[in-house]
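> Coordinates for the following, if possible.
(one chain, ligands or ions: 1)
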Amino acid sequence: MKPWVLGLTGGIGSGKSAAAENFSELGVHLVDADQVARWVVEPGQPALERIVEHFGREVLLASGALDRGALRARIFQDAEQRKWLEGLLHPLIREEIGHSLALAQSPYAILVSPLLIESGQYQRMQRVLVVDTPESLQIQRAMARDSADEEQVRAILKIQMQRDERLRHADDVLVNDRDRSWLRQEVERLHGFYLTLKGGRT
Ligand SMILES: Nc1ncnc2c1ncn2[C@@H]1O[C@H](COP(=O)(O)OP(=O)(O)OP(=O)(O)O)[C@@H](O)[C@H]1O
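Below is the predicted model of the structure:
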């Protein structure tokens with residue numbers, strides 16, 4: 001039977017990657033939307049050639065890789081250019097995510113995406129798991145991980161989807177407010193439950 005797909009999301013530093021890693025250790029096939037988004041613009045990929053044709057070689061680094069900062073500067077405050085770029089990349093990312101999910105050998109697969117809900121991707125998921133972590137812990141963990149200061153993390157939190165709204169889209173919630181062994185235990189519990197589901201629904 002074709003594996004069903006669980007969308008896994010949460011705010012900055014909530015523990016999406018940490019939770020995903022635990023699922024992966026239990027044998028669940030993972031696809032990371034951020035990784036796919038980076039892959040489609042790697043040197044040699046057709047999308048990068050299209051971007052260079054459109055914006056010029058100034059969006060490339062000397063190494064031939066995409067200069068993300070330069071590209072961001074070109075689309076910042078230019079809705080038309082941003083739309084062009086999204087029109088190019090979004091279908092490619094969607095397609096690649098589809099291919100990667102189809103490789104799953106496990107009963108279900110997981111798509112990890114910080115923008116699962118904002119991008120509308122959640123609508124193609126059979127189920128949505130939100131990692132929910134108290135804001136103070138999100139800040140503390142993101143600061144420790146990225147050597148960022150509190151202001152930087154708060155700025156990102158502010159532009160992300162509000163917690164309540166994210167939770168409204170959740171079928172399941174993993175509250176990641178304790179240590180790593182708790183997280184592991186919660187993932188094992190959810191995994192046990194997911195294995196009982198047919199097509200992702202009860
Ligand atoms: N239960 C936990 N106990 C201790 N540390 C944790 C726990 N869960 C996650 N962490 C740590 O907190 C940091 C943030 O977690 P992680 O990178 O998984 O979050 P994320 O949701 O993927 O974040 P982002 O969207 O910002 O990439 C990491 O350093 C991770 O190892």
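> okay but Pro3 is in contact with Ser106, surely?
Yes. Pro3 lies in contact with Ser106 (C-beta atoms under 8 Å); the separation is 6.1 Å. The way it works is simple: take the backbone N, C-alpha and C, and place the C-beta from them, glycine included.
> So which of the two has more stuff around it?
Using other C-beta atoms under 10 Å as the criterion, Pro3 and Ser106 rank with Pro3 on top: 20 against 17.
> nearest residue to the more buried one other than its sequence neighbours?
Ala104 (4.3 Å; C-beta to C-beta, 6 or more residues apart in numbering).
> Looks to me like that neighbour is in a helix.
No. Under DSSP: H, G, I helix; E, B strand; the rest coil, Ala104 sits outside any helix and is assigned coil.
> Report pLDDT for it.
pLDDT for Ala104: 95.
> thinking it is in contact with His29, fair?
Yes. With contact defined as C-beta under 8 Å, Ala104 counts as touching His29 (3.6 Å).
> Next, show the common contact partners of those two.
Taking C-beta atoms under 8 Å, 6 or more residues apart in numbering as the criterion, Ala104 and His29 both touch Pro3.
> Okay, strands next: where are they in the protein?
Using DSSP state E, the strands of the chain run over 4-10, 29-32, 108-112, 127-132, 172-175.
> Of those, give the one that comes closest to the ligand.
Taking C-beta to the nearest ligand atom, strand 4-10 is the member of those nearest to the ligand, at 5.0 Å.
> Please identify the pairing partners of the closest one and their relative orientation?
When pairs are called by DSSP bridges, strand 4-10 turns out to pair with strand 108-112 (parallel), strand 127-132 (parallel).
> Using CSV, lay out those together with distance to the ligand, mean neighbour count and mean pLDDT.
Formatted as CSV, these follow (distance: least, C-beta to the nearest ligand atom, whole Å; neighbours: other C-beta atoms under 10 Å; pLDDT from 0 to 100):
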stretch, distance to the ligand, mean neighbour count, mean pLDDT
strand 108-112, 8, 24, 98
strand 127-132, 6, 23, 98
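> For Val173, find the nearest of those strands.
Closest to Val173 of the strands paired with strand 4-10 is strand 127-132 (C-beta to C-beta; 5.2 Å).
> Against Glu58, how distant is Gly69?
11 Å (C-beta to C-beta, to the nearest Å).
> Spatially nearest residue to Leu48 (excluding sequence neighbours)?
Val41 (5.1 Å).
> Please list all residues in contact with the most centrally placed residue in the chain.
Most central in the chain under C-alpha atoms, centre = their mean is Ser113, positioned 1.8 Å from the mean C-alpha point. If you count contacts by C-beta under 8 Å, 6+ apart, Ser113 has them with Gly7, Leu8, Thr9, Asp32, Ala33, Asp34, Ser119, Gln121.
> Lovely, talk soon.
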